[in-house]
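# Generate coordinates for the sequence data below:
(2 chains)
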Amino acid sequence: MVSLCMYFHVHQPWRLKKFSVFEVGQGHHYFDKGKNLAILEKIAKKCYLPMNNTIMSLIHRHDFKASFSFSGVVLEQLEQHCPEVIDSFQELVKTGNVDLVDETYHHSLAFLYSKDEFREQVRMHSRKIKELFGKTPQIFRNTELIYSNELAQTVEEMGYKGVLAEGADHVLGWRSPNFLYRPKGTSTIKLLLKNYRLSDDIAFRFQERSWKEWPLTVPKYAKWLNEVNGNGNTINLFMDYETFGEHQWSTSGIFNFISALPEEFLKNPDNNFKTTSEVVRDYEPVAELDVPYLVSWADVERDVSAWLGNPMQQSAAAEIYKLEKQILATGDAQLISDWRNLQTSDHFYYMCTKWFNDGDVHKYFNPYDTPYDAFITFMNIMNDLVLRMREIQKRQELLVRKAGQTQLLSAQIPIKNQMPFGNRPAGGPKTGRVSKIKLNAAGDNHGI
Amino acid sequence: MLFLGRLTIQKGPEHFLLAAKRVLEKVPDTKFVVAGSGDMEYYMINKASELGISKNVMFTGFLRGADIDKAYRMADVYVMPSISEPFGITPLEAMMHGTPAIISKQSGVSEVVNHALKVDFWDIDEMANKIISILSYKGLTETIRDNGFAEVQKFDWRIPARQCAEVYNSVMLSPEVRR
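Got it, this is the predicted structure:
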């Protein structure tokens, strides 16, 4: 018996608009709405909508199952601009054959810098999924499958039953990714590992003509899947949803491939499809797995060097998280939201210089000519954010000072004239002070 | 901030001064060094005073030998704002000295170098934006300096010299020529 567990990740960042140092202190619009929505519309047309249709038909024909995670950031963009895509995902979830997986709302690296901020972003994500799909995910995947023992321990505490990670060779050694494992230092949570060979055959190599297995036919791939039978419980195929129609073009035959795969796979009566939650429900861990260092699903290194590999990336990330306490203390909803959207890992990915030597553009939909441009824009915007934060802090200090003065003044005026809501009933507060001016959640400057 | 080259129209020295003016609005204590001589020398000196930035601009005249190395080493950024530049070897010299280079996209060298900041020579604000970024963001300076230094090692006079010799040899030894 072997189960095929297909998990798709859906994410698009709020890309930044070009922001010069001369705009610092004047701009405040950081995100290139026009460009982001144009990209989103294109992906919706080429990938999300046709692939959702394909999956819907597979569910009806073959009891096909799939699991998804969406970043909160892409859901926001879809809600604003492509609500028909949200409807289409909701239809899929309603079939009961689609499982949802939690992640950080902002597709951020928060876990590496602040556990508090990480937990908050996961809670935000969970709320968003509940609001849109009426479900509360039981499974967690961290941004870009960044994982370690500590991550598993943290999300176990948060109540998750399963967690996803890359089945990297340097983590597994001789072990197989086709079983569940128990992360070191945990007692209940189960670890699902990506079978990267079989996943990447589809996600990266499908249309690669120089690949010796090209063209990848359905019978050939089904044969590879069947080889796992008897030597594993689950084949975890994890990939970006944009694989279908974007990374692999529809002309490559990727949609036909995925449409025909379930029938071929189910020819073996031992085989079935399971969602991530079902895999966790139905299979037990075979052993403990110790992952003391961070692994991810990116690049050949499978580490965090794609986001934090050079001094630009390290300083940009460190600076943005250094602001945490001060930004949150302002209580200013817009400021906090901008700060969080700047945490999206893609901004750091665009600054990567690892492969730039070969003139390779690191990522699909990269809005910058060079990693240096990415960094300069990001830093200028962050400096603008800091200026805004200081402005708000100043206004708030002024308010507190004013409130103090009012209190001082009120001590000299007879109490009865001070009641803010007319006469208080007997037994009410005797101090008779004017109630303190409170800052509301948005940090509005009432009274100035 | 260093400009090093002939002071003639195709090297774009005036753009260097215009960018300097913008940089000084944000980073008032920046010093700009114009090294080289040419038909625009007096024009440049006048232009600096007309822009009100003479105090921050130094003209060294024509430099040679060890003074050139010293200028590159002292600079935080090397700027090559050329209007027309078939290749442009000075950015490579700057990178060799560990100095980040900002180069005109209209130069030949901008097609073969990755680890330099590139601007359109007419985009004064963008040039200033990049100069200020190098002055302000340590992470940027470190990354571009290290990568630039590594990248520049691949340029070697011996390679084009050998290729050139090969062309001569192949022509000289070809049957048509020998006949």
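# Now do the contacts for the residue of chain B found nearest chain A.
At 3.3 Å from chain A, B:G139 is the closest residue in chain B, using Cβ to the nearest Cβ. (Each C-beta comes from the backbone N, C-alpha and C, glycine too.) Residues near B:G139 by Cβ atoms under 8 Å, 6 or more residues apart in numbering or on different chains: A:310-316, A:375.
# Report pLDDT for the residue positioned nearest the centre of chain B.
Of all residues in chain B, the one closest to the mean position by Cα atoms, centre = their mean is B:M80, 3.2 Å from it. Reading off the confidence values, B:M80 has pLDDT 97.
# partners of it in the sheet?
B:M80 forms beta bridges with B:I103, as assigned by DSSP bridges.
# Can you show me the helices along the stretch 151-300 of chain A?
In the stretch 151-300 of chain A, the helices defined using DSSP state H, counting those that start in this stretch lie at A:169-172, A:196-203, A:218-226, A:254-266, A:276-282.
# gap between the first one and the chain center?
If I follow you right, that is helix A:169-172. Here the centre of mass of C-alpha atoms in helix A:169-172, compared against the chain's by Cα atoms, centre = their mean, to the nearest Å, lies 24 Å away.
# Alpha carbons of that helix, as PDB, please.
Output for helix A:169-172, consisting of C-alpha atoms alone and laid out as PDB, is shown next (Å, rounded to 0.1, in the frame of the first residue of the first chain):
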ATOM      1  CA  ASP A 169      19.900  14.000   1.600                       C
ATOM      2  CA  HIS A 170      22.000  15.600   4.300                       C
ATOM      3  CA  VAL A 171      19.100  15.300   6.700                       C
ATOM      4  CA  LEU A 172      18.000  11.800   5.800                       C
END
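# How about residues contacting that helix?
By Cβ under 8 Å, 6+ apart, the residues outside helix A:169-172 that reach it are A:165, A:193, A:289, A:291, A:295, A:302.
# Over to the longest one?
Contacts made with helix A:254-266 from outside it, assessed by Cβ under 8 Å, 6+ apart, are listed as A:4, A:50-51, A:54, A:57-58, A:61-62, A:64, A:202, A:206-207, A:216, A:218-219, A:221-222, A:225-226, A:243-245, A:248, A:271-273.
# of all the residues in chain B, which ones are close to chain A?
Residues of chain B that fall close to chain A, judged by Cβ under 8 Å from any Cβ of the partner chain: B:22, B:26, B:114-115, B:117-118, B:125-126, B:128-130, B:132-133, B:136-140, B:142-144, B:147, B:150-151.
# which among those end up buried?
Buried residues within the residues of chain B next to chain A, defined by neighbour count using 16 or more other Cβ atoms under 10 Å in any protein chain shown: B:22, B:26, B:114-115, B:117-118, B:126, B:128-130, B:132-133, B:136-137, B:139-140, B:142-144, B:147, B:151.
# Show me the helices in chain B, by range?
Ranges of helices within chain B are B:13-26, B:41-50, B:66-74, B:90-96, B:124-136, B:138-152, B:158-173, B:175-178, based on DSSP state H.
# tell me the average confidence for the shortest one?
When the per-residue pLDDT values of helix B:175-178 are averaged, the result is 73.
# and it, which residues are buried?
Within helix B:175-178, no residue qualifies as buried by neighbour count (16+ other Cβ under 10 Å).
# Briefly note if stretch A:305-316 comes near chain B.
Yes. On the criterion Cβ under 8 Å from any Cβ, stretch A:305-316 is in touch with chain B at A:310-316.
# how about the residues of the stretch 101-250 of chain A near chain B?
Along the stretch 101-250 of chain A, not a single residue is adjacent to chain B under the rule Cβ under 8 Å from any Cβ.
# so where do the strands sit in the stretch 101-250 of chain A?
Shown for the stretch 101-250 of chain A, the strands assigned by DSSP state E, counting those that start in this stretch span residues A:139-140, A:162-166, A:180-183, A:190-194, A:234-240.
# Low-confidence bits of the chain, can you list those?
Just so you know, I chose chain A. A:27, A:356-364, A:411-448 (pLDDT under 70).
# right idea, wrong chain: chain B
Answering for chain B: the residues below the bar, that is pLDDT under 70, span B:178-179.
# quick one: A:T330 from chain B, how far?
To chain B, A:T330 is 24 Å away according to Cβ to the nearest Cβ, to the nearest Å.
# Over to A:N271?
A:N271 is 48 Å from chain B, where distance means Cβ to the nearest Cβ.
# Now for that residue: which residues touch it?
Applying Cβ under 8 Å, 6+ apart to A:N271 gives the contacts A:1-4, A:225-226, A:229, A:265.
# Just the buried residues of the residues you listed.
For the contacts of A:N271, a neighbour count by 16+ other Cβ under 10 Å gives the buried set as A:2-4, A:225-226, A:265.
# The residues you listed: which two are farthest apart?
Across those, the longest distance by Cβ to Cβ is 12.7 Å; it joins A:S3 and A:N226.
# B:M127 contacts B:V79, doesn't it?
Yes. Counting by Cβ atoms under 8 Å, B:V79 is a contact partner of B:M127 at 7.1 Å.
# which one's the longest helix in chain A?
With DSSP H applied, the helix covering the greatest number of residues in chain A is identified as helix A:371-410.
# can you redo the strands of the stretch 101-250 of chain A as CSV with distance to A:A329 and mean neighbour count?
Rendered in CSV, the data for those read as follows (distance: least, Cβ to Cβ, whole Å; neighbours: other Cβ atoms under 10 Å in any protein chain shown):
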stretch, distance to A:A329, mean neighbour count
strand A:139-140, 28, 26
strand A:162-166, 32, 26
strand A:180-183, 34, 22
strand A:190-194, 37, 25
strand A:234-240, 36, 23
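# Any idea which of these gets closest to A:G72?
Distances from A:G72 to each of the strands of the stretch 101-250 of chain A were compared using Cβ to Cβ; the minimum, 14.1 Å, belongs to strand A:139-140.
# Just give the closest residue to A:W307, not the sequence neighbours.
Ranked by Cβ to Cβ, 6 or more residues apart in numbering or on different chains and with sequence neighbours excluded, the top spatial neighbour of A:W307 is A:F348, at 4.1 Å.
# Equivalent analysis for A:E156, please.
Computed as Cβ to Cβ, 6+ apart, the closest residue to A:E156 that is not its neighbour in sequence is A:I189, at 4.0 Å.
# from memory that neighbour sits against A:T154, does it?
No. Counting by Cβ under 8 Å, A:T154 is not a contact partner of A:I189; they are 10.1 Å apart.
# tell me, what's touching those two both at once?
Listed as contacting both A:I189 and A:T154 by Cβ under 8 Å, 6+ apart is no residue at all.
# Which strand in chain A has the most residues?
Taking DSSP state E as the assignment, the strand of chain A that covers the most residues is strand A:2-10.
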